[in-house]
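**Q** Have a look; sequence and predicted model below, questions after that.
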Amino acid sequence: MRLQSPFVWTTLSLTLHTDGRAVGELTGASPFPRHWVYGADDALAMKAGLTDYKTWAGQEGTASTPWGDEDSPVLVTAAETALEREMSTLIMRGGRKPVIRSLEAGSVLVRQGEPGSSLFLLLDGVLTVDVDGRALPELGPGAILGERAVLEDGLRTATLTASTPVRVAEAPSDTIDRAALARLAQGHRREDSLA
C-alpha cells in the first residue's frame with residue numbers, strides 16, 4: 001500500500017540583465033499536471049507541452065525530482081491566445097461533444113490541400129506545421145486549428161504532424177461563430193509574416 005502521493009514541482013529560471021530586463025524560463029517540471037507560467041502582465045506566457053499522468057503516478061520517492069538526483073526537463077510551448085482559450089471552452093463544453101483523437105509521434109493530423117470542415121483543439125502534445133514545404137513554429141496545447149479551411153475554400157492550408165504523442169478534440173465548425181473564427185484566422189497567417 002502506498003501512502004505518499006507523487007511530488008509536483010516546477011523549476012523556473014530568472015535571468016536579470018544589466019539593462020533592467022528580466023527573462024523567465026520554465027526549465028523543469030514534474031510530468032503531471034500541466035504547468036502554466038504567467039508574465040509580469042498577468043498573461044499566460046508559456047506552458048508545458050506534454051503531460052504524462054502514468055509516469056507521474058508511478059513515481060516512487062524523490063530520485064527523479066529536484067530534491068533527488070535530477071530535475072525533469074520540460075517541453076515548453078508558446079501559450080495560446082486569450083481568444084483561443086475562450087474558443088476552447090466552447091469546443092469542449094458547448095452544445096455537441098467533440099471527438100477526442102490520439103495520434104502517435106510522426107502521425108499526420110491533416111495534409112495541406114486536403115478538404116476539411118472541422119476544427120481541432122490541441123489538448124496535449126506538440127504539432128509541427130508545414131506550409132508549402134516550409135516549417136513554421138510548432139504548436140502546443142490550447143491551439144485551435146482548422147479555421148482557415150472552414151472560412152476560405154474548404155481546403156487545409158498546412159500539414160500538421162505530431163512531433164510527440166498528441167491528443168486533439170475534433171469539433172464541427174459550427175461550434176464557433178464565424179466572426180470569432182475570422183479573428184483567429186488573422187493571427188494564424190504565420191506563413192505570411194515569414195515571407
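**A** Yep, that arrived. Numbering: from 1, shown residues only.
**Q** buried sites along stretch 45-57?
**A** Ala45, Met46, Lys47, Ala48, Gly49, Leu50, Thr51, Trp56 (16 or more other CB atoms under 10 Å). All C-beta spots, glycine's among them, are computed from the backbone N, C-alpha and C.
**Q** thinking the first one is in contact with Val23, fair?
**A** It stands for Ala45. No: using CB atoms under 8 Å as the test, Ala45 is too far from Val23 to be in contact (10.7 Å).
**Q** In this protein, where is pLDDT below threshold?
**A** Applying pLDDT under 70 to the chain flags the ranges 1-4, 77-80, 187-195.
**Q** helices or strands next to the longest helix that it contains in the packing?
**A** Looking across the chain with DSSP state H, the single longest helix is helix 82-93. Under the contact criterion of 3 or more CB pairs under 8 Å, 6 or more residues apart in numbering; DSSP states H and E, helix 82-93 touches strand 118-124, strand 144-145, strand 166-172, helix 178-187.
**Q** The second one pairs with which strands, parallel or anti?
**A** Note on strand 144-145: by DSSP bridges, its sheet partners are strand 118-124 (antiparallel).
**Q** Mind listing residues that contact the strand it pairs with?
**A** The contact list for strand 118-124 (CB atoms under 8 Å, 6 or more residues apart in numbering) reads 49-51, 87-88, 91-92, 98, 100, 109-110, 139-147, 150, 160, 165-173, 175-176, 181.
**Q** If we use 6 Å, what do you get?
**A** Contacts to strand 118-124, defined as CB atoms under 6 Å, 6 or more residues apart in numbering, come from residues 51, 88, 91, 141, 143-146, 167-171, 173.
**Q** ok, now stretch 167-183?
**A** Contacts for stretch 167-183 (CB under 6 Å, 6+ apart): 87, 90-91, 94, 98-102, 117-124, 147, 150-151.
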